[in-house]
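Asker: Next come a sequence and a model predicted from it.
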Amino acid sequence: MDCLQDWPEPVVRVQSISESGAQSIPERYVKPPSERPSDTSVCGDSGGAGIPVIDLSMLGRCSQTVRAVSDACREWGFFQVVNHGVSAELMRRARAVWKGFFHQPMDVKQRYANSPKTYEGYGSRLGIEKGAILDWGDYYFLHFRPLTLMSHEKWPSLPPSLRATTDEYGRELTRLCGRVMRILSEGLGLEEGRLGAAFGGEEVGVCMRVNFYSKCPQPELTLGLSSHSDPGGITVLLVDDRVKGLQVRKDGAWVTVQPIADAFIVNVGDQIQVLSNAVYRSVEHRVLVSATDERLSMAFFYNPRSDLPLAPVPELVTPDRPALYQPMTFDEYRLFIRKRGPRGKSQVESLKTVE
């Protein structure tokens, strides 16, 4: 990967700024007025209509579930799943161990400080642009697959149960992602394994970013994570259902997601948009922060094999709907965000071959 070996300027941990008792945020975190959450020209609420909620225990009534997921991916790019097969106890345990990590002493966390070469480890920024306006959040990035990239030694050793819990969580979420991929395939009228095969079959990439958004003295001036669409395949997000923060862009307005207890929030990324020839849409989303509450989320990414060229699947290309995207590997694609950080949907839109 053509990235720097180190960050272009000293890394400051957002949690340290928050816990210092500062009454204002440094200029490096102040967003332009058009991007601030207080800009009412682009902010809205759901008016009671949030992202779709889908019950995965209804797979016995498979056609209704497939249709519901397909409709959600075409209209929203997001949906919540309940009765998904992952135990609520494991979900709560996973959140607890990672909250435990972020509340370790700084010298413990600093042992795992990351670099822009791989992003693996404890980080506080995305993108390597010197002087960039930063987001109000810290994170921990780690790999599950391919196995050649996974190393428990790169995962925190404290709290003591973190590695075993994270390993179990990764196995369960990988299984859930496989189910979702099969449903997505059927929703496009394809064989259930078609999208999975396009991703590389058993050679998929699986990773996770645990995000920690500290309390912010001026939440109206910044964002926990800037507007972006996910560069990969699908994302399965676990959030704290007591603290809202995720917003999804819908019809030009920002809709705040109302999290459901013991549910996952699922969204399709740019690679699914490419494979589906834009039948399914990756959608911009962003994260707000709070003056009174810290917030932790766990974003689980299910991605194509990194060196496999991806383009619209031939079955979805017709004379009336030609291929909208040129082939590109995920390694090439994600280099954009690793260099520049979150930038809306500018990357996937730049790949279009026809209008």
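Answerer: That came through fine.
Asker: rest of the way, CA atoms for contacts and neighbours
Answerer: Noted.
Asker: measure stretch 240-258 end to end?
Answerer: 11 Å (C-alpha to C-alpha, to the nearest Å).
Asker: what's the offset of it from the middle of its chain?
Answerer: Remark: stretch 240-258 is offset 14 Å from the chain centroid, using C-alpha atoms, centre = their mean, to the nearest Å.
Asker: Please renumber the chain so that the first residue is 34 from this point on.
Answerer: All right, first residue 34 from here; so that's stretch 273-291.
Asker: State the mean pLDDT of it.
Answerer: For stretch 273-291, mean pLDDT rounds to 92.
Asker: Over to stretch 344-356?
Answerer: For stretch 344-356, the mean confidence score works out to 95.
Asker: any chance you could map the helices in the stretch 34-183 of the chain?
Answerer: Using DSSP state H, counting those that start in this stretch, the helices of the stretch 34-183 of the chain run over 47-52, 95-108, 121-135, 139-143.
Asker: Give the buried residues for the last one.
Answerer: This means helix 139-143. residue 142 (16 or more other C-alpha atoms under 10 Å).
Asker: likewise the second one?
Answerer: The neighbour-count criterion (16+ other C-alpha under 10 Å) identifies 98, 99, 100, 101, 102, 103, 104, 105, 106, 107, 108 as the buried residues of helix 95-108.
Asker: pretty sure residue 126 contacts residue 199?
Answerer: No: using C-alpha atoms under 8 Å, residue 126 makes no contact with residue 199, being 9.2 Å away.
Asker: more crowded one of the two?
Answerer: A side-by-side neighbour count of residue 126 and residue 199, using other C-alpha atoms under 10 Å, places residue 199 first with 21 against 17.
Asker: Tell me who's in contact with that one.
Answerer: Each residue near residue 199 by C-alpha atoms under 8 Å, 6 or more residues apart in numbering is listed here: residue 127.
Asker: May I ask you to confirm that it belongs to a helix?
Answerer: Yes: according to DSSP: H, G, I helix; E, B strand; the rest coil, residue 199 belongs to a helix.
Asker: Residue 328: neighbouring residues, count only.
Answerer: Residues near residue 328, counting by other C-alpha under 10 Å: 23.
Asker: Kindly report the same for residue 59.
Answerer: Using other C-alpha under 10 Å as the criterion, residue 59 is surrounded by 10 other residues.
Asker: And the pLDDT for it?
Answerer: Confidence score, pLDDT, at residue 59: 97.
Asker: where does it fall, phi/psi-wise?
Answerer: Taking degrees, to the nearest 10, you get phi -60, psi 150 for the backbone angles of residue 59.
Asker: any idea how far residue 307 is from it?
Answerer: Distance, residue 59 to residue 307, using C-alpha to C-alpha: 38 Å.
Asker: swap in residue 344?
Answerer: Separation of residue 344 from residue 307 (C-alpha to C-alpha) stands at 6 Å.
Asker: Same question for residue 45.
Answerer: Going from residue 45 to residue 307 by C-alpha to C-alpha gives 36 Å.
Asker: Comparing those two, which residue is more hemmed in?
Answerer: The neighbour comparison of residue 45 against residue 307 (other C-alpha under 10 Å) goes to residue 307, with 27 against 12.
Asker: give the contact list for that one.
Answerer: Neighbour list for residue 307: 343, 344, 345, 357, 358 [criterion: C-alpha under 8 Å, 6+ apart].
Asker: just how off-centre is the helix or strand harbouring it within its chain?
Answerer: Residue 307 is part of helix 303-308, with elements assigned from DSSP states H and E. Centre-to-centre, helix 303-308 and its host chain are 15 Å apart (C-alpha atoms, centre = their mean).
Asker: that's a helix at residue 213, yeah?
Answerer: Yes: secondary structure assignment places residue 213 in a helix (three-state DSSP).
Asker: Next, count neighbours for it.
Answerer: Per other C-alpha under 10 Å, the neighbour tally for residue 213 reads 19.
Asker: just residue 198 next, same as before
Answerer: 18.
Asker: That one is in contact with residue 124, isn't it?
Answerer: No: applying C-alpha under 8 Å, one finds residue 198 not in contact with residue 124, separated by 9.6 Å.
Asker: right, and residue 302 touches residue 263 too?
Answerer: Yes: between residue 302 and residue 263 there is a contact under C-alpha under 8 Å: 4.7 Å.
Asker: so what sits against both of those two?
Answerer: Shared contacts of residue 302 and residue 263, defined by C-alpha under 8 Å, 6+ apart, comprise 315, 316.
Asker: where does the protein have low pLDDT?
Answerer: 34-37, 71-82, 91-94, 369-388 (pLDDT under 70).
Asker: so how many other residues sit close to residue 49?
Answerer: Residue 49 sits with 12 neighbouring residues when counted by other C-alpha under 10 Å.
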